[in-house]
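1. 3D, please:
(one chain, ligands or ions: 1)
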Amino acid sequence: MRIDILCLFPEMFVSPFDCSIIKRARERGLVEVVVHNIRDYTHDKHRTVDDYAYGGGPGMVLKPEPIFEAVESIKKQVDYGGLPIILLTPQGRLFTQQVARELALHQNIMLVCGHYEGVDERVREHLITDEISIGDYVLSGGELAAMVVVDAVVRLIPGVLGSPLSFHSDSHSNGLLEYPQYTRPEVYRSWSVPAVLLSGNHGEIARWRRQQAILRTLKRRPDLAKQANLSTEE
Ligand code: ADE
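-> Numbering: from 1, shown residues only. Coordinates of the predicted model:
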């Protein structure tokens with residue numbers, strides 16, 4: 001998979017993409033992340049990317065020309081026909097595990113990071129094919145949101161995680177939160193690991209985990225529990 005990111009602060013991506021799972025996935029050639037500076041597509045001395053809003057009001061708006069030029073230049077190198085060109089914005093559809101799974105199916109995705117008061121509406125209307133928000137709050141730019149999307153998508157690319165089954169029990173992968181996890185020691189400060197997990201009875205363990213996942217989801221996220229695929233008994 002190739003992920004192109006267009007933004008104003010490319011340096012923000014250096015450290016997060018150079019650690020842990022994303023670093024390994026890049027080194028193994030499973031994903032290529034290419035970060036582009038929108039400012040490189042300006043033509044004036046001050047490399048201007050923003051301007052005042054028509055109609056007045058506070059804050060600056062990202063100009064259309066550098067964004068169009070950046071996207072069109074990338075499209076010359078990589079065929080983006082039918083592939084998503086995504087604007088990160090608090091106005092987008094909410095990013096969920098389901099959306100991450102959907103994006104992970106593509107060969108390439110392009111992420112455009114907004115900044116300041118927003119982007120000129122013509123970018124949305126004529127260039128962008130999808131808009132994503134990572135939550136109902138406002139960040140100072142789309143860069144952090146793009147990192148969240150990249151992280152959630154990259155770990156779903158086949159081969160990225162050690163075991164192909166690793167993400168099957170993740171919270172949200174089956175509409176439920178994940179069950180409680182324990183590791184050694186068996187007793188820590190007098191707190192014991194639930195006996196069922198030491199029983200060696202895989203059927204019982206699976207039942208307990210499913211039950212815990214349901215209880216936890218009901219308690220913490222009743223909104224998710226309503227939509228989960230539960231059997232009559234459950
Ligand atoms: N840019 C600013 N806030 C954002 C959010 N919540 N999600 C995605 N992009 C953003």
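2. listing partners with orientation, what would you give for the lengthiest strand in the chain?
-> Criterion DSSP state E: the longest strand present in the chain is strand 85-94. Neighbouring strands of strand 85-94 in its sheet, by DSSP bridges, are strand 108-113 (parallel), strand 130-133 (parallel).
3. to the ligand, which of those strands lies closest?
-> Closest approach to the ligand among the strands paired with strand 85-94 (C-beta to the nearest ligand atom): strand 130-133, 4.0 Å. To be clear about C-beta, it is placed using only N, CA and C from the backbone, and glycine gets the same treatment.
4. contacts made by that closest one with the rest, please.
-> Residues from elsewhere that reach strand 130-133 (C-beta atoms under 8 Å, 6 or more residues apart in numbering): 84-95, 99, 124, 145, 149.
5. of the residues you listed, keep whichever come out buried.
-> Among those, the ones that count as buried by 16 or more other C-beta atoms under 10 Å are 84-90, 92, 95, 99, 124, 145, 149.
6. and the ligand, which of the residues you listed contact it?
-> Residues of the buried ones among the contacts of strand 130-133 in contact with the ligand (C-beta under 6 Å from any ligand atom): 88-90, 145.
7. surely Ile85 touches Ile128?
-> Yes: Ile85 sits in contact with Ile128 when judged by C-beta atoms under 8 Å, with a separation of 5.6 Å.
8. quick check: neighbours shared by these two?
-> Residues touching both Ile85 and Ile128 (C-beta under 8 Å, 6+ apart): Val112.
9. any weak-confidence spans in this protein?
-> Within the chain, the ranges that satisfy pLDDT under 70 run 164.
10. quick check: can you list the domain ranges of the chain?
-> As given by automatic domain parsing, the domain ranges for the chain are 2-154, 169-234.
11. centre of the chain to the first one, how far?
-> Average the C-alpha atoms of domain 2-154, do the same for its chain, and the two points are 12 Å apart (C-alpha atoms, centre = their mean, to the nearest Å).
12. and that domain, how far apart are its ends?
-> This stretch, domain 2-154, spans 10 Å end to end (C-alpha to C-alpha, to the nearest Å).
13. got it, and the last one?
-> When the termini of domain 169-234 are compared using C-alpha to C-alpha, they are 17 Å apart.
14. what number of residues lie near Asn174?
-> Using other C-beta atoms under 10 Å, the number of residues around Asn174 comes to 16.
15. flag every buried residue along the longest helix belonging to the chain.
-> Assignment by DSSP state H gives helix 202-220 as the longest helix of the chain. Neighbour-count burial for helix 202-220 flags 205, 208-210, 212-214, 216-218 (criterion: 16+ other C-beta under 10 Å).
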